[in-house]
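# My questions concern the predicted model and sequence given below.
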Amino acid sequence: MERGRSAYASAGGLEGRVGIVAAMCGIVGYVGRRAARPLLLAGLKRLEYRGYDSAGISLLCDGRIESVRSVGNLAALEQKLAAHELLSETQRTEEAAQPAHTAALLRSAAAPSTGIAHTRWATHGRVSEQNAHPHFDCTDRVHVVVNGIIENHLPLKRDLLAAGCEFTSQTDAEVVAHLLARRYEGDLMQAVLRVRSELAGLYAFVAMSAQERDLLVGVRSETPLVIGRGENEQFIASAVPAFLSETRLVQELEDGDVAALRPDGVEICDLRSVKVRRRKHVVDWDEETAEKGGFATFMLKEIHEQADAVAETIADRTALRSEVSLAEEGLDEALFSETRRIILVACGTSYHAGLVGRYAIEQWARVPVEMDIASEYRYRNPVVGEGDLVIGISQSGETADTLAAMRLARRQGAKVLAITNVMGSQATREADGVLFTRAGLEIGVAATKTFVCEVAVMYLLALRLAKMRGSLEDEQLRTLVSELKQLPHHIAELTGGGDHGGRGGVSAAVQEVAARFWRRSFFLYMGRNIGLPIALEGALKLKEISYIATDAYPAGEMKHGPIALLDESSPVVCVATESPVLEKLISNMEEVKARGATVIAVMTEGSEQVAQAADFALAVPRTDWMLQPILAVIPLQMLAYEIAQRRGLNVDQPRNLAKTVTVE
Ligand code: AGP
């Protein structure tokens with residue numbers, strides 16, 4: 001059975017996509033002959049590996065939809081469910097504070113057999129019960145659980161508010177509940193077909209109506225949603241693990257599909273609202289493999305999630321097409337207008353993302369940028385204060401040195417911005433503003449999807465600053481935003497399909513290099529300009545999961561020492577994508593080859609000169625040269641992965657390393 005593919009996999013590669021390259025929330029729905037609640041809670045448990053900060057469940061009980069939501073883990077949700085059950089009848093009715101649909105939920109004796117449930121990884125709106133799903137409309141007729149991003153939620157919300165809808169959350173997802181209720185005329189499938197045409201973005205949702213028992217309706221729009229077929233019962237979920245213990249018969253949905261699930265069967269309409277049949281597969285995975293979406297490791301799954309992760313990170317921030325909008329983050333853009341200098345502080349892979357950001361901000365926004373390793377910055381008595389914007393980059397938001405550097409800067413009067421992947425992390429509490437990556441939980445210790453999302457956020461920030469400062473022509477901005485929006489498709493070409501996809505999700509070209517060099521004891525990486533951070537990142541990836549000694553240098557530095565390291569046994573990885581300094585890099589490649597080294601070049605597709613100068617070429621799709629780093633890193637992630645696998649190492653938990661370094 002095929003592993004998951006991004007919704008962005010190149011044409012022709014989308015067939016048979018069964019595994020899940022997922023966004024970050026978890027959806028589970030059940031309709032059938034058994035009690036829904038235990039099955040839904042068990043399904044949410046199976047999706048816990050995706051990470052979440054709140055959860056909720058809605059059940060159809062005697063013609064009413066009853067719902068309970070809670071912040072925290074599933075135990076908190078179950079406690080809340082149980083707590084109500086222990087309440088006496090009078091106490092329950094006294095629980096006036098609870099919405100009507102909660103108190104009644106637990107009165108119902110009959111075990112409801114239709115329901116939806118959700119685990120939320122917050123992207124829009126803080127972590128709170130009101131922001132947890134399921135969301136519902138003002139009349140409580142429709143409940144819905146959503147995954148992904150509704151890009152046009154702001155204009156939709158504005159119109160719904162003007163029409164008198166009352167919103168109870170700060171999420172983009174709630175607009176779906178209100179829209180469905182307004183389009184509902186007794187047929188939920190028809191309402192969903194209408195609402196689908198009004199939504200923009202990468203999303204999946206499952207809805208239920210109080211007026212139609214034994215019915216769930218789900219939509220897949222470039223965010224995974226899969227059906228589990230049973231005997232007089234049906235499941236629908238973000239990922240196969242949610243129902244794998246109940247059924248192994250999986251039915252795949254394609255982008256744009258709307259599915260109506262009833263106990264006795266499933267009806268599917270495609271993008272044109274025409275009834276279609278979709279293939280069913282018997283899944284032969286065990287539970288752990290299912291959590292990895294069919295990939296051998298979490299790291300490989302996360303490498304393949306990069307297209308979706310970058311898409312979610314940039315989606316609604318580039319909805320205006322001609323410029324970047326960061327306003328929805330509740331970010332006071334005054335933070336930027338008073339900035340005379342930007343200082344980036346980070347560790348490890350996040351440091352490398354910052355290095356890319358430095359090039360982008362200086363190139364596009366013409367703001368001076370310093371980049372520092374956080375553990376160095378905090379002890380070098382830096383000159384920092386008013387007029388400085390210090391940006392702490394940390395996917396976990398918990399790295400001790402980065403937090404300390406941010407605190408130091410703030411104490412000395414600088415403004416502080418955090419770029420992180422985790423809502424509620426310490427970094428979000430130590431900053432004047434936060435920009436979130438939306439990579440979803442990253443389980444592999446070696447950062448992959450969080451890195452490309454950090455780089456994407458740096459690009460967004462640089463373009464926003466350029467717009468505010470008028471340092472780029474509108475046409476240039478438009479072109480760059482357009483190229484930025486294409487990145488998920490380019491990433492998917494490298495990870496999800498077409499002639500780049502290969503055995504185990506690693507391209508044939510990468511496998512060839514790995515097969516040749518996996519036993520070597522040293523690799524040298526080199527790059528120039530915006531390619532240098534990728535050389536550094538590629539070297540870190542290889543050393544941290546394969547334990548091979550690596551070094552990474554500016555290519556212009558080779559003759560100042562490192563070239564002494566090279567002989568016939570030396571593999572040299574060169575990041576040689578299109579850039580104003582490509583000619584120089586090609587000379588550097590000749591230099592190292594003259595010493596007998598073997599050159600493995602990451603190049604832009606069609607770069608004949610690089611292909612001729614290199615012994616091995618790993619090609620990436622063409623895009624603006626400043627955006628190439630997000631693509632160039634992918635073959636290097638895969639190379640490190642493939643070599644570590646060949647060495648029989650545990651790539652998800654490398655020795656001596658932790659996913660988050662909360663100590664100095
Ligand atoms: C990268 O693969 C490593 N996991 C490590 O260098 C990591 O990037 C570093 O510890 C910083 O973590 P942070 O982004 O959570 O702050």
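Thanks, I have the structure now.

# Run through the residues of this protein sitting next to the ligand.
If contact is defined as C-beta under 6 Å from any ligand atom, the residues of the chain in contact with the ligand are 347-350, 394-396, 399, 402, 445-447, 544, 660-661. C-beta: built from backbone N, CA, C; applies to glycine.

# distance of the residue of the stretch 401-550 of the chain found nearest the ligand from R33?
The minimum distance from the stretch 401-550 of the chain to the ligand, using C-beta to the nearest ligand atom, falls at A447 (3.7 Å). In this structure, A447 lies at 45 Å from R33, with C-beta to C-beta, to the nearest Å as the measure.

# Tell me which of these two has more neighbours.
Between A447 and R33, counted using other C-beta atoms under 10 Å, A447 has the larger neighbour count: 28 against 12.

# Nearest spatial neighbour of that one, chain-adjacent residues omitted?
Residue nearest to A447 in three dimensions, not counting chain neighbours: T349, with 4.1 Å by C-beta to C-beta, 6 or more residues apart in numbering.

# Over to G606?
For G606, the nearest residue in space outside its immediate sequence neighbours is R622; the separation is 6.6 Å by C-beta to C-beta, 6+ apart.

# Same question for I27.
Across the structure, with C-beta to C-beta, 6+ apart as the measure, the residue nearest I27 apart from its sequence neighbours is S238 (4.5 Å).

# Let me know how buried the one you found is, in neighbour terms.
The tally of other residues near S238 (other C-beta under 10 Å) stands at 29.

# go on, A117?
That count, for A117 with other C-beta under 10 Å as the rule, works out to 34.

# Would you double-check that I393 falls in a strand?
Yes: the assignment for I393 (DSSP: H, G, I helix; E, B strand; the rest coil) places it in a strand.

# Lowest-scoring secondary structure element of the protein by mean pLDDT?
Evaluated with mean pLDDT, DSSP states H and E, the helix-and-strand set of the chain has its lowest mean pLDDT in helix 89-94, which scores a mean of 50.

# Could you find the closest non-adjacent residue to E231?
Distance criterion C-beta to C-beta, 6+ apart; nearest residue to E231, sequence neighbours excluded, is R33 at 7.9 Å.

# One more: E362?
Closest residue to E362 apart from its sequence neighbours, by C-beta to C-beta, 6+ apart: V369 at 5.4 Å.

# Tell me the bridge partners for the one you found.
Under DSSP bridges, the beta-bridge partners of V369 are I342.

# now the strands for the stretch 351-500 of the chain?
Remark: strands of the stretch 351-500 of the chain, listed N- to C-terminal, are 369-373, 388-394, 415-420, 433-436; assignment by DSSP state E, counting those that start in this stretch.

# now for the shortest one, which elements pack on it?
Helices and strands touching strand 433-436, as assessed by 3 or more C-beta pairs under 8 Å, 6 or more residues apart in numbering; DSSP states H and E, comprise strand 415-420, helix 449-469.

# C-alpha coordinates for that strand, CSV please?
Once side chains and other backbone atoms are set aside, the C-alpha atoms of strand 433-436 remain, and they are given as CSV (Å, rounded to 0.1, in the frame of the first residue of the first chain):
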residue,chain,number,x,y,z
GLY,A,433,4.6,39.3,19.1
VAL,A,434,4.5,35.8,17.7
LEU,A,435,4.6,34.4,14.2
PHE,A,436,3.7,30.7,14.1
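
# re earlier: okay, the helices and strands packed on strand 433-436 in TSV with distance to S587 next?
Shown next, in TSV, are the helices and strands packed on strand 433-436 (distance: least, C-beta to C-beta, whole Å):
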stretch	distance to S587
strand 415-420	35
helix 449-469	27
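
# Output the ones you listed as CSV; include the columns mean pLDDT and mean neighbour count.
Written out in CSV, the entries for the helices and strands packed on strand 433-436 read as follows (pLDDT from 0 to 100; neighbours: other C-beta atoms under 10 Å):
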stretch, mean pLDDT, mean neighbour count
strand 415-420, 96, 25
helix 449-469, 96, 26
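
# wait, what's in contact with the residue in the chain that the ligand sits nearest to?
Nearest to the ligand, among the residues of the chain, is G348, at 2.0 Å (C-beta to the nearest ligand atom). Contact criterion C-beta atoms under 8 Å, 6 or more residues apart in numbering gives A447, L540, V661 as the residues in contact with G348.

# Give me the distance between it and A658.
Using C-beta to C-beta, we find G348 at a distance of 11 Å from A658.

# Please apply the same query to E78.
Computed with C-beta to C-beta, the distance linking E78 and A658 is 30 Å.

# Give me the more crowded residue out of the two.
When E78 and A658 are compared on other C-beta under 10 Å, the one with more neighbours turns out to be E78, at 18 against 11.

# Report the spatially closest residue to the more buried one, excluding sequence-adjacent ones.
Of all residues not flanking E78 in the chain, L41 sits nearest, at 6.6 Å (C-beta to C-beta, 6+ apart).

# residues near that neighbour, how many?
Residues near L41, counting by other C-beta under 10 Å, number 18.

# hang on, it is in a helix, isn't it?
Yes: counting by three-state DSSP, L41 is found in a helix.

# Let me see the contact set for the residue nearest to G606.
For R622, the set of contacting residues under the criterion of C-beta under 8 Å, 6+ apart consists of E578, T604, E605, G606.

# Can I get those in JSON lines including pLDDT?
Conversion of the contacts of R622 to JSON lines gives the following (pLDDT from 0 to 100):
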{"residue": "E578", "pLDDT": "97"}
{"residue": "T604", "pLDDT": "98"}
{"residue": "E605", "pLDDT": "97"}
{"residue": "G606", "pLDDT": "95"}
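
# Which of those fall within helices?
In this view, the contacts of R622 have no member that belongs to helices under DSSP state H.

# Buried subset of those residues as a PyMOL selection?
Only the buried members of the contacts of R622 end up in this PyMOL selection, burial being decided by 16 or more other C-beta atoms under 10 Å:
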select buried, resi 578+604+605
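
# quick one on the thing from earlier: just the pLDDT for the residue of the stretch 401-550 of the chain closest to the ligand.
For A447, the model assigns a pLDDT of 98.

# Correct me if wrong: it contacts S350.
Yes: between A447 and S350 there is a contact under C-beta atoms under 8 Å: 7.4 Å.

# so what sits against both of the two?
Taking C-beta under 8 Å, 6+ apart as the contact criterion, the residues that touch both A447 and S350 are Q395.

# what helix or strand is E198 on?
E198 is part of no helix or strand when elements are defined by DSSP states H and E.

# Near it, how many other residues are there?
Residues within reach of E198, counting by other C-beta under 10 Å, total 14.

# now do the one 5 residues further on
Y203 has 27 neighbours, counted by other C-beta under 10 Å.

# residues touching H135, list them.
The neighbourhood of H135, defined by C-beta under 8 Å, 6+ apart, consists of H143, V144, V145, V146, S169, T171, A173, E174, V176, A177.

# where are the low-confidence patches of the chain?
Scanning the chain with the threshold set as pLDDT under 70 gives 1-23, 84-110, 328-330, 496-504.

# ok, the nearest residue to Q190 once chain neighbours are set aside to S221 distance?
Ranked by C-beta to C-beta, 6+ apart and with sequence neighbours excluded, the top spatial neighbour of Q190 is R183, at 8.0 Å. Taking C-beta to C-beta as the measure, R183 falls 16 Å from S221.

# just G385 next, same as before
Note on G385: its distance to S221, by C-beta to C-beta, is 47 Å.

# Those two: which is more packed in?
Using other C-beta under 10 Å as the criterion, G385 and S221 rank with S221 on top: 22 against 11.

# For that one, what are phi and psi?
The phi and psi torsions at S221 (degrees, to the nearest 10) take the values phi -130, psi 90.

# before we move on, what about the one 4 residues further on?
Taking degrees, to the nearest 10, you get phi -160, psi 130 for the backbone angles of L225.

# before we move on, what about D551?
phi -140, psi 150.

# which element is the residue nearest to it when sequence neighbours are not counted on?
If the residues on either side of it in the chain are set aside, D551 comes closest to L524, at 5.4 Å by C-beta to C-beta, 6+ apart. For L524, the enclosing helix or strand under DSSP H and E is strand 522-527.
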